[in-house]
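A.B. asks: A predicted structure for the sequence below; I have some questions about it.
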Amino acid sequence: MQKKLSLKNKIVLVILLLLFFKIDASAQEQKSPFWSHVRIGGGIGLSFGSGFFSGTLAPSAVYEFNEKFSAGLGLTGTYNTSKDFYKSSIIGGSILGLYNVIPQLQLSAEFEEVYVNRKYDSSVVLEDESYGNPALFLGAGFHQQNVTFGMRYDVLYDVKRSIYASPFVPFVRIYF
């Protein structure tokens, strides 16, 4: 036996449902104080040429302690291949500190540790390599809203082991 809802009961049910969805939507709009200070960003890189390909994905997040100082963590993953020469994968992470001297000038310090796995083509007379490589970058950049671009310098640079061609590395940071 089915009971039919009266018009009055249907109206009450609709009002209760709308009220429930309103309360649920309001609860989702409120962010905790912690998450309102977190900025998400990172980098994506693609490079290719005659027989060469490189792809990088490097997400990161920083916590803004105040308008001058932020600190955070980053991950990085890169895949490189050079036809008839080598293939490599690079995986690692970093700890980052940012300081805004003035709103337009941002100083940074970043410790990065990556693990490099490089396999050479059988025709190349080099042994495959697997090693860790640390880098300590000190940098300065022009900061405007969510974007900073500048130059950083690796004080631990090792010409034989570094994944970078030079201790000077340009950068662009974007955080939302």
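C.D. replies: Looks like it arrived, so ask away.
A.B. asks: gap between the residue nearest the centre of the chain and Ser94?
C.D. replies: For the chain, the residue lying nearest the average C-alpha position, counting by CA atoms, centre = their mean, turns out to be Pro59 (1.8 Å). Look at Pro59 and Ser94: by CB to CB, to the nearest Å, they are 11 Å apart. Glycine gets a C-beta too; all of them are placed from N, C-alpha and C.
A.B. asks: what do the two both touch?
C.D. replies: Counting by CB atoms under 8 Å, 6 or more residues apart in numbering, the shared contacts of Pro59 and Ser94 are Gly74, Leu75.
A.B. asks: Isn't Ser89 up against Thr81?
C.D. replies: No: using CB atoms under 8 Å, Ser89 is not in contact with Thr81, being 9.8 Å away.
A.B. asks: before we move on, what SS does Pro36 have?
C.D. replies: To be clear, residue 36 is Ser; Pro isn't right here. The three-state label for Ser36, taken from DSSP: H, G, I helix; E, B strand; the rest coil, comes out as helix.
A.B. asks: so where's this protein shaky on pLDDT?
C.D. replies: Applying pLDDT under 70 to the chain flags residues 1-31.
A.B. asks: The same query, at a cut-off of 90, please.
C.D. replies: 1-32, 42-45, 160-161, 163-165 (pLDDT under 90).
A.B. asks: check contacts around Leu57.
C.D. replies: Per CB under 8 Å, 6+ apart, neighbours of Leu57: Gly42, Gly43, Ile44, Thr76, Gly77, Thr78.
A.B. asks: That one is in what secondary structure piece?
C.D. replies: strand 52-64 (DSSP states H and E).
A.B. asks: quick one: strands adjacent to the helix or strand just after that strand?
C.D. replies: For strand 52-64, the following helix or strand on the C-terminal side (DSSP H and E) is strand 69-82. Sheet pairing for strand 69-82, assigned by DSSP bridges, gives strand 52-64 (antiparallel), strand 86-102 (antiparallel).
A.B. asks: tell me which residues of strand 69-82 are tucked away?
C.D. replies: Ser70, Gly72, Gly74, Thr76, Thr78, Asn80, Thr81, Ser82 (16 or more other CB atoms under 10 Å).
A.B. asks: isn't the first one right up against Tyr63?
C.D. replies: Yes: proximity of Ser70 to Tyr63 meets the contact threshold set by CB under 8 Å, at 6.4 Å.
A.B. asks: Return every residue with contacts to both of these two.
C.D. replies: Contacts common to Ser70 and Tyr63, judged by CB under 8 Å, 6+ apart, are Arg39.
A.B. asks: Look at stretch 44-54 and report the distance between its end residues.
C.D. replies: For stretch 44-54, the first-to-last residue distance is 11 Å (CA to CA, to the nearest Å).
A.B. asks: Centre of the chain to it, how far?
C.D. replies: Centroid separation for stretch 44-54 versus its chain: 20 Å, with CA atoms, centre = their mean, to the nearest Å.
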